[in-house]
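> here's my sequence, what's the structure:
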Amino acid sequence: MSEERSGKVGQEGGPVAVPSTRTAGTSSEHEYPSLKSVAAGLISVYLAAFIISLYVNLPIGAVSFVLVIFAYHPQPIAKKEMPITEKIARLDPVGTIFFMAGTICLLLALQWGGSTYAWKNARIIVLFILTGILLVAWLFVESRNPGTAIVPPRISLQRTVLSAMINSFFIGGSFMTLIYYLPIWFQSIKGANPLKSGVMTIAMIVPQVIASVVGAKTVQVTGYYNPWIYAGSILTSIGSGLFITFTPTTAHPKWIGYQVIYGLGLGCGFQQGTLAVQNTLSGPDVNIGVSIIILSLTLSGSIFVSVGQTLFSNTLAHHLSNIYGIDAEAIVNAGATAIRDIVPASKLSEVLVAYNAGIVAVFKLNTILACLSMIGAIGIEWKSLKREKAIEDKTEKAEEGLGDKAITRVGPTDRDGVTPLVAPTMVSEGDDESELDKEEYEEKQSRN
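Numbering: from 1, shown residues only. Below is the predicted model:
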């Protein structure tokens, strides 16, 4: 079971890697004579992008669907009858409300701060205060009701789960900010349309898919995922750092090569945190642990994309204010694809430098997040998938042997983590379970 998970992780990495084309929005405050033609062009571009994405995603999704249907055999779950009130309580409605409200307040503060309102504005200060109060209340509710908590402390505070959560949080934030702002760099600096800017990110996506598949297969052979998590944090940090060197004159070999490095890092480490949690937990706890990792990935993306937007807007506005003879507000509101339509040719190079500085400020945030992911990578325990699989097989055999009145005892674990079989020992139905391979059985049960 444990070894199969690494293969499934590689399959799951395929559809995730397919990029979406992004463009900076245009403001309704500024109308242009060619508004209808621009709208028609955007519709045709997005329609083409949708069709291409559909043709790319359908085969990948179909292959993943077939593999899951034939390769994944879930264990039956015993259903327990309970009243409706208990079912609702198990959803942790109070904790969910506190968590969602706190997250919304945080996102609003990050989105509005420095752009819509000044950081010292009362609205921003109140939002940050509410964020702290609501999240503290959420932690209190979770600690008081560990049995129904959406993030149970007994799982989230386990060393590997907590470390994988930290690693995924920073890796997810780095990836989401980059995949959001890199196409904007292509659109604004290189003059690419939204569709072409998405195509230009293939240099990152293809290495990501390849590294994800190779990493999953290698983990199946070696049994260890930790080296790949380390490689992921190191390569994404290097790739992010290289993006900081972007200028309006950066040539194709550089922005392609930098994407390859970053994509390899994503492929190595993006999915391994989930695998580490699956290998550490067992039973129903696996689903909860995986959900926590996915929550970390998505939540960090929401938070740091908002932070990136604030960095980009403030940096761009600051640099534009130093350029004489342009309408800085109109340029900020126009968006990346309309720069060349509203900026005079004599000022275009200066505006592109300002736009590049704004996006590079986000790339600096990327680099910090990628480096911080190493903190979580170091904390993940070294556990062999092969050894865990051997323990699972022996435990299942012990449980089956209880009904058959016989079971094969096992000896001490060898250097490779595999326990050799020894001569079978007969037991009666009345014997206690502790007499049957006590050490491994208790280890497995304690994890449940």
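
> and the strands in the stretch 201-350 of the chain, which stretches?
Read by DSSP state E, counting those that start in this stretch, the stretch 201-350 of the chain holds no strands at all.

> can you pull out the low-pLDDT segments for it?
For the stretch 201-350 of the chain, no stretch has pLDDT under 70.

> so which helix or strand takes in the nearest residue to residue 243 once chain neighbours are set aside?
Excluding the flanking residues, the one nearest residue 243 by Cβ to Cβ, 6 or more residues apart in numbering is residue 363, at 4.2 Å. To be clear about C-beta, it is placed using only N, CA and C from the backbone, and glycine gets the same treatment. Residue 363 belongs to helix 348-379 when elements are defined using DSSP states H and E.

> list the buried residues in that helix.
Burial within helix 348-379, assessed by neighbour count using 16 or more other Cβ atoms under 10 Å, is assigned to 350-352, 354-367, 369-374, 376-377.

> then stretch 199-217?
Going by neighbour count (16+ other Cβ under 10 Å), the buried part of stretch 199-217 is 199-201, 203-205, 207-209, 211-213, 215-216.

> how about the helices in the stretch 151-300 of the chain?
Applying DSSP state H, counting those that start in this stretch to the stretch 151-300 of the chain gives helices spanning 153-156, 159-189, 194-199, 202-222, 226-243, 252-269, 272-280, 285-320.

> of all these, which one comes closest to residue 118?
With Cβ to Cβ as the criterion, residue 118 lies closest to helix 285-320 of these, at 10.8 Å.

> how far does the closest one sit from its chain's centre?
In terms of Cα atoms, centre = their mean, to the nearest Å, the centre of helix 285-320 is found 10 Å from the chain centre.

> stretch 56-72 now?
The answer for stretch 56-72 is 21 Å, by Cα atoms, centre = their mean.

> grab the nearest non-local neighbour of residue 95.
Leaving aside its chain neighbours, residue 95 sits nearest to residue 141 (4.4 Å; criterion: Cβ to Cβ, 6+ apart).

> my guess is that neighbour contacts residue 98. True?
Yes: counting by Cβ atoms under 8 Å, residue 98 is a contact partner of residue 141 at 6.2 Å.

> could you pull out the buried residues of whichever strand or helix holds the residue nearest to residue 95?
Using DSSP H and E, residue 141 sits in helix 122-144. Within helix 122-144, the residues that count as buried by 16+ other Cβ under 10 Å are 124, 127, 128, 130, 131, 134, 135, 137, 138, 139, 141, 142.

> CSV please, covering these and showing distance to residue 273.
Shown next, in CSV, are those (distance: Cβ to Cβ, whole Å):
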residue, distance to residue 273
124, 33
127, 30
128, 29
130, 30
131, 25
134, 27
135, 22
137, 28
138, 23
139, 22
141, 26
142, 21
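
> out of those residues, the closest to residue 343 would be?
Sorting the buried residues of helix 122-144 by distance to residue 343 puts residue 124 at the head of the list, at 31.2 Å, by Cβ to Cβ.

> give the contact list for the closest one.
Contact partners of residue 124, counting by Cβ atoms under 8 Å, 6 or more residues apart in numbering, are 109, 112, 113, 117, 118.

> what angle separates the helix holding residue 363 from helix 226-243?
Per axes from the mean of the first three to the mean of the last three Cα atoms, to 10 degrees, the angle that helix 348-379 makes with helix 226-243 is 160 degrees.

> residues in contact with residue 323?
Contact analysis of residue 323 by Cβ under 8 Å, 6+ apart lists 347, 350, 351, 354.

> and the residues you listed, which is closest to residue 278?
Checking these against residue 278 with Cβ to Cβ, the nearest one is residue 354 at 46.3 Å.

> give me the pLDDT value at the closest one.
Residue 354 carries a pLDDT value of 91.

> state the distance from the residue nearest to it when sequence neighbours are not counted to residue 172.
Using Cβ to Cβ, 6+ apart and skipping residues adjacent in sequence, the residue nearest residue 354 is residue 319, 3.5 Å away. Here residue 319 is placed at a distance of 29 Å from residue 172 (Cβ to Cβ, to the nearest Å).

> give me the neighbour count for residue 331.
When neighbours are counted by other Cβ atoms under 10 Å, residue 331 registers 22.

> so it touches residue 342, yeah?
Yes: assessed by Cβ under 8 Å, residue 331 is found in contact with residue 342 at 6.7 Å.
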